[in-house]
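Asks: sequence and predicted model, in that order:
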Amino acid sequence: MEYEAVIGLEVHVQIKTESKIFSPVKAGYGHEPNALVDPVVLSLPGALPVMNKAALDGIMKAGLAFGCAIPDTCKWDRKNYFYPDSPSNYQITQYDQPICQGGEVEIELPGESRNVMGEHKAIKLTRIHLENDVGKLNHFAEDSLVDYNRAHTCLMEIVSEPDMRSGEEAFAFLTAIRQTMVYCGISDCDMEKGQMRADANISVRPVGQKEFGAKIELKNLNSITGVKNGIEYEIKRQTRELKKGNTIIQATWRWDADQGRTEPMREKEDAHDYRYFPDPDLMPVRVDDVWRERIRSEIPELPWDKQRRFMEEYALPYTITSVLVPDRGLSDWFEAAAKQAPDLAQALGNYVANDLLRELSEADQQLGECEMTPNSLLTLAKAVAKGVITKQIAKDVFIEMFKSGETADQVIERKGLKPDFDESQVRIWCQEALDENPRVVADVRSGNAKAINALLGPVMKKSRGKASPQVVGALLRELIDAGE
Amino acid sequence: MQELYYKSASELAELLAGGELSSVELTQALIDRTKSVDEQVGAFNSFDEADALAQASASDERRASGDVLGPLDGIPVGLKDNLAVYGQPLTCSSKMLERFVSPYDATCIQKLKSTGAVLFGRLNLDEFAMGSSTENSAFGPTSNPWNLECVPGGSSGGSAAAVAAGEAVFALGSDTGGSIRQPASYCGVVGLKPTYGRVSRYGLAAFASSLDQIGPLARNVKDAASLLQAISGHDAFDSTSYKAEVPDFVASLESLKGRQWTLGLPKEYFAGVADSPALEPVRQAIEFYRGLGCEIKEVSLPHTEYAVATYYIVATAEASSNLARYDGIRYTHRAESFDAKDSVDIYCQSRAEGFGEEVKRRVILGTYVLSSGYYDAYYLKAQKVRTLIRQDFERVFREVDALLTPVAPEPAFRKGEKEDPLSMYLSDVFTISANLAGIPGLSLPCGYSGGLPVGLQILGKPFKEDEILAIGQEFETAHPFKDQHPKL
């Protein structure tokens, strides 16, 4: 019997805000333990939560980006459970009236090769709601310490429908969420910093069966790759169990990335009764069209839309767009130049996707830190297009420009890279090369067309690299043909 | 001549303004009084003598340099021990918080500090404000100054007793189901529960968040009005505080004087216990208002009979969650010899030791009513009934300006008399509806029964504290019970 997996994800994303979700204390990462606390974060007697509007703006932006409905009213509920990372021993969350309902995430599955766009698919969302994050426990041999810096960070929970069928789809889902969040400036989604976390619900059923199998909630998936690997392992394990005639019992398991396997955490019988009830300290939130439209107007062009447009408008190949587009800053940088010279867009795309990224990485710099500007890159593309310099020389000019911040023209001028000869001179050098290499010429004439390349080097050398290889190639062929 | 410690805040303000009295002298007089009588009364959990005198001396310096902050500058205010004051203990009369010192000020405390009032003492209460007699304090009960064998009421029993015994000029309490009004009635002082949202709850250790309000207990209506003035207003730190103009409560006592009010008598309140001989003073007070020319109308609040049940579901549900933070992990009592395999053992043993019986009873009840499978039948149903109770009041307030009722079914009872928790809960029968509906209520001394004070309750429209204060002052002016004091 054939089996298929059914996967739903619950993704937590921290919203990047100045202050915490229910208190004016600064939100941040990497501070001294318990530096970012106040009576509210520590739940001291008498402290009360007050909603941070920036968190609502952030989640609405995410919701609108994913096409969720934003109802006119949402409210706050308490989820009661005891755990030392939660100073109030309840979490303020949204139980039955979340701020975002429905919506979908467009994902791309891997194509046949890296150069081919893969299949796109929509994964439906159930909801997105807002809640406070909890502190962090650090366990030692004798005792445990708790750091409440992370407590009350603004956290959204994105709940998907059981729409995914493989680890690969889950991987693509998280990648798409991360890209949208980063694009909209909602979150950096750095999983190492806990800015994005995911739990997966996985079940397996015989192909054709409508009912879901018993699900395993898989936790401790600490990276996007971990999500993929954990899910794939779990699908195999459940399928194996079913094939052996065993039944799956609903439970919570954890992924052990070091061992590369899943293991049981707790049974369903241990499930909490969270005793949800409306939080009496917070008023319901009312959302009107003015608010919705203000947020909608702040949403930038989303990644998939931009990729499709780049391929169409600038005729960029898929591979280049898949380097440019995931990085909003990089794609904006590219477009600032490309908009001014759409006919040079492919060359510009290549420079940005290859040369610029390589130099940034070597210099260990961020895009915002580098001396080069879109306008200066444009001068380089133009210089090559006009035949002022060769593509080969342009590579070196690029490096100079990157270091100094000069335009291509300034570098060409300073280094004397502009050819100081005309085509008749190149023709003379070509003839010299033919004369100096009679065996190569004979080789070409006997049918080995490729042998002509051996003549390119000597001519380029004579021109100190300034001659255009296209021009040299054409002249060489002309001269050889003429001499036959 | 009247003892200094029995003078009202407005009288004291005049003495201070006239230079006949310094804040240090006044504060010292209250400290001396407290030292001499509090062994009998037990109103205070603690007081910081040096801190109070330092505040008083700072007030005197302001006065000397002409920088008086207002009419409360230099006048001591007693504080229920569930209000956060920076650097002072905040025990909630619970072993759980026995050693807790607050690192921040409640909003009402910040406001009081800005008036120059001298914050004096931590006043006893039923543990976490859960009770009607102040017998549920981990640090021992408070006694009623009129009869030390009797309870002062609760949960703000320490606040009411301190004012009655001359240990405080006035005091702040909190009222979740009658916790200001009922002890005010039992101790013969004025007590006001403001409209929900009038006073910020930030810094009040929560019992039941949707019901709790901070309010004044005072010798007379005018003092209650001026203390309410000092603590009222919208607060960005409390989402449930109301963005409404705060009227001048003291000035409106004059401007509303002599108005011909239409006053309602809820028949459900008078049907049973309110007819008892013990409540004769309440009936006389009603006749007084009729005599003034006010129209007295019988009205109906048909859902009254469900109020106690509704209250004990809503209040305990919220309490079970609010008190979860007292877990033995951070700042609360931790069981010394816990046999901890995991954090659950710390919770269980610390909470078993740290909480008293009544708190445990309510936490368990509240946990039960919120449990999956019971939520709809209890909590959700109670919230629906709560809406009906609120609508009852909305309806009658279209006909009348205020309601006159007893505060409690009887005067102060004897300590230990109500061992059955349910009989204790029923003593709140007249006060809890105001909390469920969010409306303001004033408790005013209106006479004596068996040597014990009896209170009249005046319930008003939302945010019309000025009206019930003015109505109350009409009676008070004609019946100066405020000048009678217990013998201690």
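Replies: Cool, the structure landed.
Asks: using PDB, write out every CA atom in stretch B:423-436.
Replies: Provided in PDB are the C-alpha atoms of stretch B:423-436 (Å, rounded to 0.1, in the frame of the first residue of the first chain):
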ATOM      1  CA  SER B 423     -22.500  32.500  54.900                       C
ATOM      2  CA  MET B 424     -19.500  34.900  54.700                       C
ATOM      3  CA  TYR B 425     -20.100  35.200  50.900                       C
ATOM      4  CA  LEU B 426     -23.700  36.100  51.500                       C
ATOM      5  CA  SER B 427     -22.800  39.100  53.600                       C
ATOM      6  CA  ASP B 428     -21.700  40.700  50.300                       C
ATOM      7  CA  VAL B 429     -25.200  40.400  48.800                       C
ATOM      8  CA  PHE B 430     -25.900  44.100  48.600                       C
ATOM      9  CA  THR B 431     -22.500  45.300  47.400                       C
ATOM     10  CA  ILE B 432     -21.300  42.900  44.700                       C
ATOM     11  CA  SER B 433     -23.800  43.900  42.000                       C
ATOM     12  CA  ALA B 434     -22.200  47.300  41.800                       C
ATOM     13  CA  ASN B 435     -18.800  45.600  41.000                       C
ATOM     14  CA  LEU B 436     -20.500  43.300  38.400                       C
END
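Asks: residues from the stretch 301-450 of chain B in reach of chain A?
Replies: B:317-318, B:320-321, B:324-325, B:327, B:329-331, B:343-344, B:347, B:367, B:370-372, B:375, B:379 (C-beta under 8 Å from any C-beta of the partner chain). Placement of C-beta: from N, CA and C, glycine included.
Asks: just those: which are in helices?
Replies: Counted as lying in helices by DSSP state H, out of those, are B:317, B:318, B:320, B:321, B:343, B:344, B:347, B:367, B:370.
Asks: what's the longest helix in the chain?
Replies: Just going to use chain A. Per DSSP H, chain A has its longest helix at helix A:224-243.
Asks: looking at chain B here, not the other one
Replies: helix B:23-41.
Asks: and the helix or strand following that one, which strands flank it?
Replies: Per DSSP states H and E, the first helix or strand lying C-terminal to helix B:23-41 is strand B:44-46. Neighbouring strands of strand B:44-46 in its sheet, by DSSP bridges, are strand B:118-123 (antiparallel).
Asks: now the partner strand: mean pLDDT?
Replies: What strand B:118-123 shows for mean pLDDT is 97.
Asks: got the angle between it and helix B:23-41?
Replies: 10 degrees (axes from the mean of the first three to the mean of the last three C-alpha atoms, to 10 degrees).
Asks: moving C-terminal from strand B:118-123, which element do we reach first?
Replies: helix B:157-164.
Asks: give the next helix or strand downstream of that next one.
Replies: Proceeding N to C from helix B:157-164, the next assigned helix or strand is strand B:170-175, under DSSP H and E.
Asks: who touches the residue of the stretch 51-200 of chain A found nearest chain B in this structure?
Replies: Nearest to chain B in the stretch 51-200 of chain A, going by C-beta to the nearest C-beta, is residue A:89, at a distance of 3.6 Å. With contact set as C-beta atoms under 8 Å, 6 or more residues apart in numbering or on different chains, residue A:89 has these partners: A:43, A:80, A:81, A:82, A:83, B:324, B:325, B:327.
Asks: tell me who's in contact with the second one.
Replies: Shown in contact with residue A:80 (C-beta under 8 Å, 6+ apart): A:89, A:90, A:274, A:275, A:276, B:320, B:321, B:324, B:370.
Asks: which of those sits closest to residue B:415?
Replies: Residue B:415 lies nearest to residue B:320 out of the contacts of residue A:80, by C-beta to C-beta, at 27.9 Å.
Asks: what's the burial count for the closest one?
Replies: 23 (other C-beta atoms under 10 Å in any protein chain shown).
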